[in-house]
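[1] Sequence and predicted structure, then a few things I'm wondering about:
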Amino acid sequence: MTRRIEETPHAYKPMLIQSVIQAQEEAGLIRSAVRLRPWITFKA
């Protein structure tokens, strides 16, 4: 029996990305228009 290795949610580091976006907004470099959240995932 082989064990399947899955990616963990921590692999994408969403909090790190959010802090980068926030810093860019505060510096006036960007302006967020929308915030998207996935509602379905598909694995093949």
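    Structure's in. What do you need?

[2] all strands in this protein, in order from the N-terminus.
    Ranges of strands in the chain, per DSSP state E: none exist.

[3] quick one: low-confidence ranges for this protein?
    1-15 (pLDDT under 70).

[4] give me the number of residues near P38?
    P38 has 5 neighbouring residues, counting by other Cβ atoms under 10 Å. Just so you know, the C-beta spots here come from the backbone N, C-alpha and C atoms, and that holds for glycine as well.

[5] Quick check: phi and psi on it?
    phi -70, psi 140 (degrees, to the nearest 10).

[6] Nearest spatial neighbour of R31, chain-adjacent residues omitted?
    E25 (6.7 Å; Cβ to Cβ, 6 or more residues apart in numbering).

[7] Can I get stretch 32-43 in CSV, CA atoms only?
    Output in CSV follows, covering the C-alpha atoms of stretch 32-43 (Å, rounded to 0.1, in the frame of the first residue of the first chain):
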residue,chain,number,x,y,z
SER,A,32,-7.3,46.2,-3.6
ALA,A,33,-10.5,46.0,-5.7
VAL,A,34,-11.9,42.7,-4.5
ARG,A,35,-11.0,39.9,-2.1
LEU,A,36,-11.6,36.4,-3.5
ARG,A,37,-12.1,33.1,-1.6
PRO,A,38,-12.2,29.7,-3.3
TRP,A,39,-15.5,27.9,-2.9
ILE,A,40,-14.5,24.6,-4.5
THR,A,41,-11.3,22.7,-5.1
PHE,A,42,-10.7,19.9,-7.7
LYS,A,43,-7.9,17.3,-7.6
